[in-house]
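Engineer: Kindly return the folded structure for what I paste below:
(chains A and B)
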Protein chains: 2
Amino acid sequence: MIESNEQYLQALGQNAKQASYALANLTGTQKQALLSAIAANLTARSQDILAANSKDVAAARKNGLNEAMIDRLLLDESRLKGVISDIDNVISLADPVGTELESKLLDNGLRLSRRRVPLGVIGVIYEARPNVTVDIAVLALKTGNAVILRGGKETLQSNLALSEAIRSAVVEQGLDADCVQLIKSPDRALVSGLLKLDQFVDMIVPRGGQNLQRLCAEQATIPVILGGIGICHLYADKDADIAKSIDVIANAKVQRPTVCNALDTVLVHESLSDALLPKLFSTLSAQGVSFYGCEKTKAIADKLGVSISLATDETFGQEWLSLTLGIKLVSDIDAAIKHIRTYSSGHSEGILTDNIHASAHFINHVDSAAVYVNASTRFTDGGQFGLGAEVAVSTQKLHARGPMGLEALTTYKWIGVGDYTVRG
Amino acid sequence: MIESNEQYLQALGQNAKQASYALANLTGTQKQALLSAIAANLTARSQDILAANSKDVAAARKNGLNEAMIDRLLLDESRLKGVISDIDNVISLADPVGTELESKLLDNGLRLSRRRVPLGVIGVIYEARPNVTVDIAVLALKTGNAVILRGGKETLQSNLALSEAIRSAVVEQGLDADCVQLIKSPDRALVSGLLKLDQFVDMIVPRGGQNLQRLCAEQATIPVILGGIGICHLYADKDADIAKSIDVIANAKVQRPTVCNALDTVLVHESLSDALLPKLFSTLSAQGVSFYGCEKTKAIADKLGVSISLATDETFGQEWLSLTLGIKLVSDIDAAIKHIRTYSSGHSEGILTDNIHASAHFINHVDSAAVYVNASTRFTDGGQFGLGAEVAVSTQKLHARGPMGLEALTTYKWIGVGDYTVRG
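Structural biologist: Below is the predicted model of the structure:
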């Protein structure tokens, strides 16, 4: 890394840590006022923000980005209003900071308690979605954390306008502007550098695809929350209700195919193949789904005159994020579980069955963040789970698993109060 | 890494993961029986274990290890009995696995719960302390986890004998021997390789010094629990009771100076310097303590004819692990807090005061795993905190902070039960 980058990152980290100290001791009401001031400032500066976003959109078109990507980075008046009104939801959530998690009087004379406190400084790396800038800043501040933001370079102008509006609201409330800092240079070395700022940054949340997750796992010296990659499965058990199962499979695949909790592979008990597969093909084909099937599935499809591709190890290991579905016939529930253990990313899996034994067996033996019985994988989501907000969906097992709400942005400290008490 | 290492590690990881599936579904009683069988087997094989340990001790002497290190790796009949009887304590602890952390009926129709489950596979890297082999294996199995052990090469013979005794008890209980695996080769490339086995290993716990912690932070692609490094502070406030404060300082420094929760630096309010420092020098000198003081402290010591060294940035940033104490005079509580923020490793800090405002201020503004009022830093310990067992002392903020008990070896999964429920 060139020296100026190194110095820039050190200052970034130091400023964030310094700013975090005052944040950690705000009351819930003070943080509500801070978030209200941010919402008001974003509203007041809407025209500037939309103008900055127009520059990003124009540059994106000039650089030949596809329409789907441009749609993702586009802010218009109504979208920006939506982003701002989401702040009100966060304001209304309970503040987890300051709660006492436990308290006990120990035999050694200490009054010991565990108090929930902010993590300190959070680093978030994300793609070209300007709404995330506001979203993450607000969630971090709500939990008393300073935040360092690194958004996609395609939305730099939008992010600058948004983060400046947030920072000026922060200052207005008597706090250090560096509670929220945006990395402005598109230099990718800054991402690698950020991942090693363990002296100042307490947690990294990468919100992006496989490559970003991998980069963070490999380069970070700071604890990272990996997640957001969902290779999700539904297993139609021999005792599944076929018509209802097809509804759930269709919902999991089609309702919003581009997100991480969308279905990727359906595993079908062999005894259901004749009854389920024809209906599955016809229902999902009509909704635009194409299929990769195992050999047996493909043979059945061929007989039915349905054109499907042959699945491979590689296709079963793929997160589709599109109207594509893998299908595999399995001899029993344990074969389904084995397939899941091999190919799942640990996000969301479900069983479709009327059999109480199969249901319990599946729950006990499938180890993913979310395990469902007779429900769509699409439910794995902070909003759906009633968390009020979603920082990310973790697919690792430490600290937070599955949808992460406000508590995942906190830790605790042990407080021991004695009377000049010594250890014997 | 050479190919055979790569293959060895892949097999190690795969075997551990496979073994973990059955472990995850044992009942509490089954795990108690497993631990009892291990204790019985260790007792039955005591002579073999002690013989193996004698080989390690002989080799250590031959290689010129100092007596302190040899003492650490030595097992005799009474120590081994102690290690085995500690298993009974773990047997008697409540099994955290299977608990439901919360359960609610959501508006979308899902019955959602969070169930505590084992992490899966834990990797532990530790120094030449054979008791850790038993300790960690037992804690991992108690919580339904498979474990990969990598102990110091100086205790390889002891660890082989211990782990084989454990493995044969595991098999006796109808489980896969690979629930517990020991890395037998001293090749250090295997440590680096273990740190990257993220496909199979869910958590790494390094139990060792600064260099090992750093290696793990830098090389691991698996979540790591850093900890066990304690640069600990006590601040004697202007309203401290001087005689009682000296008792606490002496306890924190002298009671067991070689461990992470021992005191490293005492910060003294300037107004106390004349009253406190002479007594501190005389009391602690008599107990063999030597001092590094700030300039003002050194000037006072010089006047008193007490010989002390001059503290530097470097000495204030050092974990002493010996009868050495840093001393700094500070102008007020905020200067003390600033010093702690600069030099602390986030382990344990305390204030000594009779002032209720100073106490609250210190608790609120010092962000370490354990923060004390009028108590020795020596209390930061799983046993003292009533956790029943201690896996490690975490100085990071994610997942577990401070002394880690059994719960830190678990995670949770979300379980959603519907009635063929789809997302609208």
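Engineer: Could I get the full set of strands for the stretch 251-400 of chain A?
Structural biologist: A:263-269, A:290-293, A:309-310, A:324-330, A:348-352, A:370-375, A:392-394 (DSSP state E, counting those that start in this stretch).
Engineer: Out of these, which is closest to chain B?
Structural biologist: strand A:370-375 (3.4 Å; CB to the nearest CB). All C-beta spots, glycine's among them, are computed from the backbone N, C-alpha and C.
Engineer: circling back: quick check: which of the strands of the stretch 251-400 of chain A is buried the most?
Structural biologist: strand A:348-352 (a mean of 32; mean count of other CB atoms under 10 Å in any protein chain shown).
Engineer: so which of the strands of the stretch 251-400 of chain A gets nearest residue A:95?
Structural biologist: strand A:392-394 (19.9 Å; CB to CB).
Engineer: Now mean pLDDT and distance to chain B too, for the strands of the stretch 251-400 of chain A, in CSV please.
Structural biologist: Shown next, in CSV, are the strands of the stretch 251-400 of chain A (pLDDT from 0 to 100; distance: least, CB to the nearest CB, whole Å):
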stretch, mean pLDDT, distance to chain B
strand A:263-269, 98, 11
strand A:290-293, 98, 20
strand A:309-310, 98, 26
strand A:324-330, 98, 16
strand A:348-352, 98, 7
strand A:370-375, 98, 3
strand A:392-394, 95, 10
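Engineer: just how off-centre is the lengthiest helix in chain A within its chain?
Structural biologist: Longest helix in chain A by number of residues (criterion: DSSP state H): helix A:3-23. Centroid displacement of helix A:3-23 relative to its chain, using CA atoms, centre = their mean, to the nearest Å, is 25 Å.
Engineer: which parts of it are buried?
Structural biologist: Within helix A:3-23, the residues scored as buried using 16 or more other CB atoms under 10 Å in any protein chain shown are A:8-9, A:12-13, A:15-21, A:23.
Engineer: and chain B, which of these contact it?
Structural biologist: Restricting the buried residues of helix A:3-23 to those near chain B by CB under 8 Å from any CB of the partner chain leaves residue A:21.
Engineer: okay if I get the buried residues of helix A:3-23 as JSON lines plus pLDDT?
Structural biologist: Below are the buried residues of helix A:3-23 laid out as JSON lines (pLDDT from 0 to 100):
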{"residue": "A:8", "pLDDT": "96"}
{"residue": "A:9", "pLDDT": "97"}
{"residue": "A:12", "pLDDT": "97"}
{"residue": "A:13", "pLDDT": "98"}
{"residue": "A:15", "pLDDT": "98"}
{"residue": "A:16", "pLDDT": "98"}
{"residue": "A:17", "pLDDT": "98"}
{"residue": "A:18", "pLDDT": "98"}
{"residue": "A:19", "pLDDT": "98"}
{"residue": "A:20", "pLDDT": "98"}
{"residue": "A:21", "pLDDT": "97"}
{"residue": "A:23", "pLDDT": "98"}
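Engineer: I'd like to know which of the buried residues of helix A:3-23 is nearest to residue A:313.
Structural biologist: Top of the list for closeness to residue A:313, among these and by CB to CB, is residue A:9 at 40.5 Å.
Engineer: Excluding covalently adjacent residues, which one is nearest to the closest one?
Structural biologist: residue A:193 (4.5 Å; CB to CB, 6 or more residues apart in numbering or on different chains).
Engineer: Restricting to C-alpha, output the helix or strand the one you found falls within in CSV.
Structural biologist: Using DSSP states H and E, residue A:193 sits in helix A:189-194. Extracted in CSV, the C-alpha atoms of helix A:189-194 (Å, rounded to 0.1, in the frame of the first residue of the first chain):
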residue,chain,number,x,y,z
ALA,A,189,-6.2,-1.0,-1.9
LEU,A,190,-8.2,0.9,0.6
VAL,A,191,-10.6,-2.0,1.0
SER,A,192,-7.7,-4.3,1.8
GLY,A,193,-6.3,-1.7,4.1
LEU,A,194,-9.6,-1.2,5.9
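Engineer: Counting by contacts, list what that helix packs against.
Structural biologist: helix A:3-23, strand A:121-126, strand A:146-150, helix A:210-219 (3 or more CB pairs under 8 Å, 6 or more residues apart in numbering or on different chains; DSSP states H and E).
Engineer: Show me what the longest one is packed against.
Structural biologist: Helices and strands in packing contact with helix A:3-23 are listed as strand A:121-126, strand A:146-150, strand A:180-182, helix A:189-194; criterion 3+ CB pairs under 8 Å, 6+ apart.
Engineer: How about the third one?
Structural biologist: If contacts are counted by 3+ CB pairs under 8 Å, 6+ apart, strand A:146-150 sits against helix A:3-23, strand A:121-126, helix A:130-142, strand A:180-182, helix A:189-194.
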